[in-house]
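1. coords below, sequence missing:
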């Protein structure tokens, strides 16, 4: 089985976020970038298929040279090779079009349900449509046997288990593996990653359908009022007349 894992290069959630050029561009100065968490769950599951069933695992990213440390980390975790599509990921459809040029050659494509920077949640479904593959979103469990896959996904009010065939694209999340199963590259993995192929591919001709016009930070949190536990009348008054939530 050939597995492709899509890797997004995203800011660490502890980074301080700022914008430049009249709040129209994200300021990357001083920002630490990591593998998108939903993608890391998918990569760890792919490693399980590699170790248990002999699958080959390729990671792919749409981005410039600055994303290569993130791909190298994925190689150090255990992926066999990496591909970087050399273009800026301007919007979800553009990214899906770039990934489709590669993904059509794989049995299983594992993408994160969404990235933690823009939280668009668009790429996996678009990619599945572009390559004519089956698609399972919000995937929290995945098994494969022969040409059949069994996937469980979260739905409103519960879970749903599906049987499907390859080629398959999933939008994965926590549950594919648990946080305790995530792998930290060891020294041997880091050394081996330097010898693994990281191929750069030029982008296909495609246009972005959307453009970021401006960014805005959330308003600062307001002052907090404390109410004594035994003063329920005052609490109800504040909730009703000030907060206006009841």
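-> Right, received. Where do you want to start? Bear in mind the structure is a predicted one, so any value in this text is a computation, not a measurement.
2. so, low pLDDT: which residues of the chain?
-> Across the chain, nothing is flagged by pLDDT under 70.
3. tell me which helix or strand residue 225 sits in.
-> Using DSSP states H and E, residue 225 falls within no helix or strand.
4. number of residues surrounding the closest residue to it other than its chain neighbours?
-> Using Cβ to Cβ, 6 or more residues apart in numbering and skipping residues adjacent in sequence, the residue nearest residue 225 is residue 238, 6.4 Å away. In this view, the C-beta of every residue, glycine as well, is placed from N, C-alpha and C. For residue 238, the count of nearby residues is 16 (other Cβ atoms under 10 Å).
5. does residue 238 belong to a helix, a strand or coil?
-> Applying DSSP: H, G, I helix; E, B strand; the rest coil to residue 238 yields a three-state assignment of helix.
6. for this protein, which strand is longest?
-> For the chain, the strand reaching the highest residue count under DSSP state E is reported as strand 134-145.
7. centre of the chain to stretch 149-162, how far?
-> Stretch 149-162 has its C-alpha centroid displaced from the chain centroid by 19 Å (Cα atoms, centre = their mean, to the nearest Å).
8. can you tell me how far residue 93 sits from residue 99?
-> From residue 93 across to residue 99, the span is 11 Å (Cβ to Cβ, to the nearest Å).
9. got it, and residue 53?
-> In this view, residue 53 and residue 99 are 24 Å apart by Cβ to Cβ.
10. do the same with residue 242
-> Relative to residue 99, residue 242 is positioned 49 Å away (Cβ to Cβ).
11. would you map the helices across this protein?
-> Using DSSP state H, the helices of the chain run over residues 37-53, 68-77, 92-103, 123-131, 187-193, 232-237.
12. for residue 13, which of those is the nearest?
-> helix 37-53 (8.5 Å; Cβ to Cβ).
13. circling back: which residue of residue 53 and residue 99 possesses the greater neighbour count?
-> Comparing residue 53 with residue 99 by other Cβ under 10 Å, the one with more neighbours is residue 99, at 28 against 11.
14. check contacts around the more buried one.
-> Counting by Cβ atoms under 8 Å, 6 or more residues apart in numbering, residue 99 touches 6, 60, 62, 85, 109, 123, 127.
15. give me the buried subset of the residues you listed.
-> Among the contacts of residue 99, those classed as buried by 16 or more other Cβ atoms under 10 Å are 6, 60, 62, 85, 109, 123, 127.
16. now flag whichever of these is closest to residue 246.
-> Of all the buried ones among the contacts of residue 99, residue 246 sits closest to residue 123, with 40.5 Å by Cβ to Cβ.
17. ok, that closest one - contacts?
-> Contacts for residue 123 were tallied using Cβ under 8 Å, 6+ apart; they are 6, 92, 95-96, 99, 111.
18. got a markdown table for the residues you listed, with distance to residue 227 too?
-> Below are the contacts of residue 123 laid out as a markdown table (distance: Cβ to Cβ, whole Å):
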| residue | distance to residue 227 |
| --- | --- |
| 6 | 48 |
| 92 | 45 |
| 95 | 48 |
| 96 | 50 |
| 99 | 52 |
| 111 | 46 |
